[in-house]
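[1] Sequence plus predicted model, see below.
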Amino acid sequence: MHELSIIQSVVDTVRESARSHGFIRVNKVKLVVGKLTMALPDSLQFAFEALAVDEMFKDAALEIEEKELCCLCTCCQSRFQVNDDYNFICPQCGQGQVDVITGRELYIDYFEGDEG
């Protein structure tokens, strides 16, 4: 379950940034997660609730934006969404030479809180 280590890094990063900007409390953290990361939103939420327990994160909410897995065929330039079967074959021309456009994201978009 790599979600625990992901959220531990998120909490540590947000805590450090919040302190350096004079925040005394974090109220909300927005995380962007691509489907190709295989990080499950429910597991991320559970990990956040378990790890963000100090006073700085009291009652903080984690918002997760999931990015679909989308590819661009390098042969015909068609854009297509990859479903849960992870079939990276272009539905337009049948070729397998694709670039992943979205779906690999894993970053903190922003956090909100109270300044001291």
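    Okay, I see it.
[2] in the lengthiest strand in the chain, what's buried?
    Looking across the chain with DSSP state E, the single longest strand is strand 23-34. The neighbour-count check on strand 23-34 (16 or more other C-beta atoms under 10 Å) flags Phe23, Arg25, Val26, Val29, Leu31, Val32, Val33, Gly34 as buried. C-beta here means a position set from N, CA and C on the backbone, and glycine is covered the same way.
[3] Residues touching that strand, excluding its own?
    Outside strand 23-34, the residues that touch it by C-beta atoms under 8 Å, 6 or more residues apart in numbering are 10, 14-15, 18, 39, 41, 44, 48, 52, 55-67, 69, 102-116.
[4] Between strand 23-34 and the helix or strand hosting Ala47, find me the angle.
    Element membership for Ala47 (DSSP states H and E) is helix 41-51. For helix 41-51 against strand 23-34, the angle between stretch directions is 160 degrees (axes from the mean of the first three to the mean of the last three C-alpha atoms, to 10 degrees).
[5] Tell me the buried residues in helix 41-51?
    Within helix 41-51, the residues scored as buried using 16+ other C-beta under 10 Å are Leu44, Gln45, Phe46, Ala47, Phe48.
[6] now, which of those sits nearest Cys93?
    Nearest to Cys93 among those: Leu44, at 36.0 Å, using C-beta to C-beta.
[7] shouldn't that closest one be in contact with Ile7?
    Yes. The pair Leu44 and Ile7 passes the contact test of C-beta atoms under 8 Å, sitting 6.0 Å apart.
[8] how close does the most centrally placed residue in the chain get to Leu40?
    Central residue check for the chain by C-alpha atoms, centre = their mean: the C-alpha nearest the mean position is that of Val33, 2.2 Å away. Shown here: Val33 relative to Leu40, a distance of 9 Å by C-beta to C-beta, to the nearest Å.
[9] Help me confirm that Leu62 comes into contact with Asp42.
    No. Between Leu62 and Asp42 there is no contact, the gap being 11.2 Å when judged by C-beta under 8 Å.
[10] Looking at the buried residues of strand 23-34, spot the one nearest Asn87.
    For the buried residues of strand 23-34, the residue nearest Asn87 by C-beta to C-beta is Gly34; the value is 17.0 Å.
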